[in-house]
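Asks: Provided below are the primary sequence and the corresponding predicted coordinates.
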Amino acid sequence: MVDDTDSPAIQSRENLANIQTRIDEAATRSGRAAQNVTLVAVSKTMEASRIEPVIAAGQRVFGENRIQEAEGKWPGLSEMADDIKLHLIGPLQTNKVRVALELFDVIETVDRPKLARRIANIMEETGFRPDLYIQVNTGEEPQKAGILPADCDAFIKECRDELKLPIIGLMCIPPMEEEASLHFSLLRKIAQRNGLENLSMGMSADFEVAIEFGATHVRVGTAIFGARQSFVQ
Ligand SMILES: *Cc1c(COP(=O)(O)O)cnc(C)c1O
């Protein structure tokens, strides 16, 4: 028999089971129900053949950060199961809104007023209404996308009340070099005072901390699929 225990497919299935166990344990430690934490498997840069075994193992929620890449891979992959949910977790250009609304079940990166207005227009025109998250630049990093914490309340209000957008939560990507928990607790605070239920926060390195701070969605890539070939966001 060929020893294929090192194959990427087997490795990613094992990783998936391991991450799910760690999610369950982190939830239990925090007095939360594990079913209230959704694992978003970040499959960006991974070829379809690497994603298939993870779908076959039961994973249903995936994150991609590039429209074009997702457009190429997911129409085919989605045929493997009828309950797959695709999240956009990368930047969205206004000229890609139309295709994004059709392709994704959730867009986590509403990060500026112009984009919010464009989404509202295309939603009205097409009837495609994926759930939306607002991306918050909790670290106030100039190079990073997202609404500044001080502008969040007004922007959330504009999105919900004026544009009638289906905003259901907030997402953040904390600065690499800072204590992530400070950013997670800030995101939770902004969500709570605005009555938003969902928090997308925590990645491979810190998803357990994020769960402790109330994450409802953790976005985990390398810990499932292994290292990416090139650095992407
Ligand atoms: C790539 C990416 C992730 C996953 O990061 P890992 O460290 O591989 O788990 C999560 N969120 C966003 C927005 C990403 O771009």
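Replies: Ah, there it is. Residues are numbered from 1 along each chain as shown.
Asks: C-alpha from now on. contacts and neighbour counts both.
Replies: OK.
Asks: Give me the below-cutoff pLDDT ranges for this structure.
Replies: For the chain, the stretches with pLDDT under 70 are 1-6, 230-233.
Asks: how about the residues of it near the ligand?
Replies: With the criterion set to Cα under 6 Å from any ligand atom, the chain comes near the ligand through Val42, Ile89, Gly90, Met203, Ser204, Arg219, Val220, Gly221, Thr222, Gln233.
Asks: Give me the neighbour count for the third one.
Replies: Burial measure for Gly90: 20 neighbouring residues, criterion other Cα atoms under 10 Å.
Asks: For the residue nearest to it when sequence neighbours are not counted, give me its contacts.
Replies: The shortest distance from Gly90 to any non-neighbouring residue, by Cα to Cα, 6 or more residues apart in numbering, is to Asn65 (3.8 Å). By Cα atoms under 8 Å, 6 or more residues apart in numbering, the residues touching Asn65 are Lys44, Leu88, Ile89, Gly90, Pro91.
Asks: one step back: reformat the residues of the chain next to the ligand as TSV; add secondary structure.
Replies: What follows is the residues of the chain next to the ligand, written out as TSV (DSSP: H, G, I helix; E, B strand; the rest coil):
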residue	secondary structure
Val42	strand
Ile89	coil
Gly90	coil
Met203	coil
Ser204	coil
Arg219	strand
Val220	strand
Gly221	coil
Thr222	helix
Gln233	coil
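Asks: which one of the residues you listed has the most neighbours?
Replies: Scoring those on neighbours with other Cα under 10 Å, the highest-scoring entry is Val42 at 27 neighbours.
Asks: Now do the same contact list for that one.
Replies: The neighbours of Val42, taking Cα under 8 Å, 6+ apart as the test, are Phe62, Gly63, Glu64, Arg219, Val220, Gly221, Thr222.
Asks: that older thread, show me which of the contacts of Asn65 is closest to Met171.
Replies: The closest of these to Met171 turns out to be Ile89 (Cα to Cα; 9.0 Å).
Asks: Quick one: residues contacting the closest one.
Replies: Shown in contact with Ile89 (Cα under 8 Å, 6+ apart): Gly63, Glu64, Asn65, Ile107, Glu108, Thr109.
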